[in-house]
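# what follows is a predicted protein model with its sequence.
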Amino acid sequence: MTRPRPEAESFVAELANAGMTPEVCFSPLLSIAPTGNPVTLCNHDAVIFTSQHAVAFVPNGQGQPAFCVGDTTAVH
């Protein structure tokens with residue numbers, strides 16, 4: 001599994017719940033972490049979130065209309 005560790009573990013748990021027991025090697029290719037740089041969206045008409053992680057760094061899209069790629073992103 002090359003996704004960040006928490007997402008990889010969640011996916012493997014879903015497989016187990018579906019009755020599958022794959023042999024898994026966890027090898028995350030990246031780790032999601034804040035940069036420390038503030039995000040300001042006030043000069044934009046809307047925001048597009050392509051990841052649930054992005055939503056965590058800009059809660060509520062700072063009041064801008066938000067378009068989300070995927071159901072998981074939309075609920076965060």
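Now that the structure is in, tell me what you want to look at.
# is residue 20 in a helix, a strand, or coil?
Following DSSP: H, G, I helix; E, B strand; the rest coil, residue 20 is assigned to coil.
# need the contact list for it.
Listed by C-beta atoms under 8 Å, 6 or more residues apart in numbering, residue 20 has no contact partners. Using the backbone N, CA and C atoms, a C-beta is placed for each residue, glycine as well.
# what packs against the lowest-mean-pLDDT helix or strand in the chain?
Scoring the helices and strands of the chain by mean pLDDT, DSSP states H and E places helix 71-75 at the bottom, with a mean of 73. If you count contacts as 3 or more C-beta pairs under 8 Å, 6 or more residues apart in numbering; DSSP states H and E, helix 71-75 packs onto helix 52-57.
# how about the helix or strand just after the helix it packs on: buried residues?
Of the helices and strands lying after helix 52-57 in sequence (DSSP states H and E), the nearest is strand 66-68. Neighbour counts over strand 66-68 (16 or more other C-beta atoms under 10 Å) mark 66, 68 as buried.
# how distant is strand 66-68 from the center of its chain?
Mean-position distance between strand 66-68 and its chain equals 13 Å (C-alpha atoms, centre = their mean, to the nearest Å).
# that strand pairs with which strands?
strand 47-49 (parallel) (DSSP bridges).
# just the CA coordinates of the least confident helix or strand of the chain, formatted as CSV?
The C-alpha coordinates for helix 71-75 follow below in CSV (Å, rounded to 0.1, in the frame of the first residue of the first chain):
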residue,chain,number,x,y,z
ASP,A,71,-17.6,11.8,-1.8
THR,A,72,-15.0,11.4,0.9
THR,A,73,-13.6,14.9,0.2
ALA,A,74,-17.1,16.4,0.2
VAL,A,75,-18.0,15.1,3.7
